[in-house]
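> for reference, the sequence and a predicted model appear below.
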Amino acid sequence: MRTTPSSGSSRRKLISAAAVSAALLTAATGTVAVAQEPAARAAAVPAALTEAAPGTPAERLIVGYKSGAAEAKSNKAAAADAEAKGQEAGEDVDFQRRLGTGAALVDLGAKATRTDVADVVAEFKADPQVSYVVPDRLNTPQADPNDTEYAKQWDLFESTAGMNVPGAWSTATGTGVTVAVIDTGYVAHTDLAANIVAGYDFISDTAVSVDGNGRDSNPADPGDYYAANECGTGIPASNSSWHGTHVAGTIAAVTNNSKGVAGIAYGAKISPVRVLGKCGGYDSDIIDAITWASGGTVSGVPANTNVAKVINMSLGGDGACTSATQTAINAAVNRGTTIAVAAGNDNENVSGHSPGNCSNIISVAATNRTGAKASYSNYGSLVDISAPGGQTSTGTANGILSTLNSGASTPSSESYAYYQGTSMATPHIAGLVALVKSANSSLTPAQIETAIKNNARALPGACSGGCGAGLADAAKTVAAVSGGTTTGTTFSSSTAVSVPDNGSAIESSIAVSGRTGNAPTTLQVGVDITHTYRGDLVISLVAPDGTVYSLKAASSSDSADNVNTTYTVDASAETANGTWKLRVQDTAAQDTGTLNSWKLTF
């Protein structure tokens, strides 16, 4: 179980005035309705709201208040409310601090049972001024280390399963972009040092930080080793991972320096933001790190002078994306920061793993050296993209090579090592985001995500369950956003739309973004329509400015069914970016149909 620094006093079970009143009423009337009401409320609290990790009761809660509530603005009011809620639940509840999103962090102590936590959660949930209450969950690094000695960065260069990174470097190297690596911090490495800028240590608990203090401006990684059972019963001992340094090297290791490895965005800068220590790290620290890294304000923390336009989070835990975490993510994206997150290493649907299941992020699955989904990688409809994460097998080393340290516990000499995991896949995407942002600084996070997904290539290997848009392709994506050769870039819509019999025209839209300049003279429009008499159909393409291009006229002599073809349009007079529409109308009676899908290939 996670331990927190001693507060100097033991937790005590409180008897609330409400409980006394209920007991008296029970004795006087023989009814138990009043006495059981709080217990019934607590019993209805889902287990996920009571745990910091599976099987581990939460020691702290994150409470979001509605904007008009006094507790949303006043620490004194939030503290009083926490104490009152604790009294009602019969627990000690203490206000700890205000998070960067405005939510309150409250402490229940190290000895709280799941029932105790449920009692307190029920009290907060019953308050109409509370917007949400969620556990301060424990997150862990999403990587499996290995120590093999394969000497090539296949993940960058190989034509089958690599990400085609060198093809992007003639256009962009990440110059002018800062990437925040929210992770274990940074251990000094000469193959990274020139690209490191100031970060911050957001770990508030000394039991987690193991550096002898709480939050400060030094994000150095002292090591995250732990003994057997120290992080939970049955969990074996582990050496220090130097996880954040490995992730940082994939993104921006110094390149063309005659040593070590090449970073994907070697012109970018890395801001190490420390949130993971011994046994992991809590949502509350991660939320503040997201806020600060993206340029938001966190109480007690100096303003960030290296605001990141890219955040890498190679971390995760179990459960749904909480309102607390989603609020921080949304605010960061609104400030213009793109966030790449590991899908997780449980070979399960990412829907059950946060923050890889949050909205407004790029959720990254991992592939192996054949281009198939790595056996450990999470999957599902919430995955946005896949990238090399590596996978080892007997006698071979097919992991991801990056910067590391040789120390088993505390820092020793710098080194390189192969790791595997969605933690290793995610910095490939963060690095690609930096390349894209460097190539076209005006792009929004949504446009960057769209460009990466639209320019991915089909996964070379198998994926059961969903691996997003495919394997990311750096060269193709950077070319698409910078006005280079973009032939083959496809935007599509697979939303089915019914075509009414002899009725009004229907329209389906595709939003095109990440392009530069005008559409080509040979814009390809692929159309798939099911219809029992296609001669009735009139099909048109509508450009973003409203210009209509005729693709197919009605023809009484065409009695065949269905339309499954590609039309070519000279759209060079049209700006490529914007909302394009396919317009379909049935002009005669007796036949209906469905627009199944359509696509634009530039």
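Good, I have the coordinates.

> can we go C-alpha only for contacts and neighbour counts from here?
Noted.

> measure stretch 500-518 end to end?
Using CA to CA, to the nearest Å, one end of stretch 500-518 lies 34 Å from the other.

> mind listing what's buried along it?
Going by neighbour count (16 or more other CA atoms under 10 Å), the buried part of stretch 500-518 is 500-502, 505-516.

> check stretch 464-477 too.
Counting neighbours by 16+ other CA under 10 Å, one finds that the buried residues in stretch 464-477 are 466-477.

> any idea of the mean pLDDT in it?
The average pLDDT for stretch 464-477 rounds to 94.

> ditto for stretch 208-215
The average pLDDT within stretch 208-215 is 93.

> and the contacts of stretch 207-217?
With contact meaning CA atoms under 8 Å, 6 or more residues apart in numbering, stretch 207-217 is reached by 3-5, 198-206, 222, 224, 276-281.

> what comes up buried for that stretch?
Neighbour-count burial for stretch 207-217 flags 207-210, 215-216 (criterion: 16+ other CA under 10 Å).

> among those residues, which are located in strands?
Applying DSSP state E to these, no entry is found in strands.

> just give me the closest of the residues you listed to residue 75.
residue 215 (19.3 Å; CA to CA).

> distance of the closest one from residue 510?
Going from residue 215 to residue 510 by CA to CA gives 46 Å.

> now swap in residue 554 and tell me
Between residue 554 and residue 510 the computed distance is 24 Å (CA to CA).

> again with residue 299
Distance of residue 299 to residue 510, computed by CA to CA: 42 Å.

> now swap in residue 54 and tell me
42 Å.

> I'd say residue 241 and residue 222 touch.
No - look at residue 241 against residue 222 with CA atoms under 8 Å: they stay out of range, at 10.4 Å.

> neighbour count for these two, which is higher?
Per other CA atoms under 10 Å, whichever of residue 241 and residue 222 has more neighbours is residue 241, with 24 against 21.

> pLDDT value on that one, please?
The model's pLDDT for residue 241 equals 97.

> that one looks like it's in a strand, true?
No - with DSSP: H, G, I helix; E, B strand; the rest coil as the criterion, residue 241 is located in coil rather than a strand.

> how about the contacts made by the residue most central in space within the chain?
For the chain, the residue whose C-alpha lies nearest the mean C-alpha position (CA atoms, centre = their mean) is residue 341; its distance is 3.3 Å. Residues in contact with residue 341, defined by CA under 8 Å, 6+ apart, are 312-315, 355-356, 361-364, 426.

> ditto for residue 318
Residues in contact with residue 318 (CA under 8 Å, 6+ apart) are 53-54, 352-354.

> just the buried ones from the residues you listed?
In those, burial by neighbour count holds for 53, 352-354, counting by 16+ other CA under 10 Å.

> format those residues as a markdown table; extra columns: secondary structure.
Conversion of the buried ones among the contacts of residue 318 to a markdown table gives the following (three-state DSSP):
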| residue | secondary structure |
| --- | --- |
| 53 | strand |
| 352 | helix |
| 353 | strand |
| 354 | strand |
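
> can you add distance to residue 405 and pLDDT and give those back as TSV?
Output for those, formatted as TSV (distance: CA to CA, whole Å; pLDDT from 0 to 100):
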residue	distance to residue 405	pLDDT
53	29	85
352	33	96
353	29	97
354	28	97
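
> quick check: which ranges of this protein have low pLDDT?
Within the chain, the segments meeting pLDDT under 70 span 1-39, 142-152, 393-397, 483-488, 516, 521, 558-560.

> mind giving me the packing neighbours of the longest helix along it?
Taking DSSP state H as the criterion, the chain has its longest helix at helix 422-439. If contacts are counted by 3 or more CA pairs under 8 Å, 6 or more residues apart in numbering; DSSP states H and E, helix 422-439 sits against strand 178-183, helix 243-252, strand 310-313, strand 338-342, strand 362-367, strand 385-388, helix 445-454, helix 474-482.
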